[in-house]
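Undergrad: structure, please.
(chains A and B)
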Amino acid sequence: RKEVEQDPGPFNVPEGATVAFNCTYSNSASQSFFWYRQDCRKEPKLLMSVYSSGNEDGRFTAQLNRASQYISLLIRDSKLSDSATYLCAVTQYTGGFKTIFGAGTRLFVKA
Amino acid sequence: SAVISQKPSRDICQRGTSLTIQCQVDSQVTMMFWYRQQPGQSLTLIATANQGSEATYESGFVIDKFPISRPNLTFSTLTVSNMSPEDSSIYLCSVDALADSENSDTQYFGPGTRLTVL
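TA: Down below sits the predicted model:
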C-alpha cells in the first residue's frame, strides 16, 4: 500500500463546476498536511496547508480528518487556469523529517 | 519564500556516464531534499542532505548510485552515477520553509533538471 494515495483522475470538468479531490495516508504519525499544485513541466508549488479545523482560501477549501487519515480539496467555480495536477503531501517526523507526496490528480477544466 | 536554482536545466547523456546536478538556494537552510519524478509519476524522495553530515537515503536509493554533497547551508549537489535509461527523469531539489514562517514544513522546489539517458 502506498503511503499517500489519491484519486486516480483525470478529472474533466466544465468551467464553473465544483470538483473535489480525496487523499488518504497510511502513517498515523504524520504531522502536517498540504496540497500542492504542479503545472505541466513545472515544479510543484504549495497551494495550501490543511488543518484539522478545515481551511479556506478563496475558491479552495481543504479538510483533514485525522481519525480516518483522510484529506480533501474542494475547488468551487472552476477556472480554466485551475487545470493542473494536484498533489497531496504529508510530512512525517519518524526517523527524520520528510515529506511524502501522492501520485497526483490531473484536472482539466474546459470552456 | 526561498529562491532555488538548479543546473543544468536539462541534459541528454550516454549510458554509463555520470551527471552532477547543482542546487543553489538564496538563503541558508538546514535541510535540503532531492526528489525524482519520472514521467507521469509523483515525486519520490531520494535523500535528505544535511550540512556537515552524510545524506540520509530512502529505501531503494544508495549512496554509490546517488552521491550527494552538502558543503554549506546554501548549496548541494546530486550525482547520478553510471546512468542507464531507467534513470531518465526529472530531478528536483527542495528546501523546507523557515520554521517560524506561516507555512512551516512546506517545501519550496527548484525548477528541476530534466535528464534523458540514451
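
Undergrad: separation between A:Y70 and A:D57?
TA: Computed as CB to CB, to the nearest Å, the A:Y70 to A:D57 distance reads 20 Å. (Glycine included, C-beta is placed from N, CA and C.)

Undergrad: on contacts alone, who are the packing partners of the helix or strand hosting A:A62?
TA: Using DSSP states H and E, the element containing A:A62 is strand A:60-65. Contacts defined by 3 or more CB pairs under 8 Å, 6 or more residues apart in numbering or on different chains; DSSP states H and E place strand A:60-65 against strand A:32-38, strand A:45-50, strand A:55-57, strand A:70-75.

Undergrad: count the neighbours of the residue nearest to A:W35 when sequence neighbours are not counted for me.
TA: The shortest distance from A:W35 to any non-neighbouring residue, by CB to CB, 6 or more residues apart in numbering or on different chains, is to A:L47 (4.4 Å). By the other CB atoms under 10 Å in any protein chain shown criterion, the neighbourhood of A:L47 contains 20 residues.

Undergrad: hmm, A:L47 is touching A:Q38, no?
TA: No - the pair A:L47 / A:Q38 is not scored as a contact, 9.6 Å apart, by CB atoms under 8 Å.

Undergrad: between the two, what contacts are shared?
TA: Both A:L47 and A:Q38 are in contact with A:Y86, where contact means CB atoms under 8 Å, 6 or more residues apart in numbering or on different chains.

Undergrad: next, the contact list for the residue most central in space within chain B, please.
TA: In chain B, the residue lying closest to the centroid (CA atoms, centre = their mean) is B:W34, at 2.9 Å. Going by CB under 8 Å, 6+ apart, B:W34 touches B:23, B:45-47, B:49, B:66, B:68, B:76, B:78, B:91-94.
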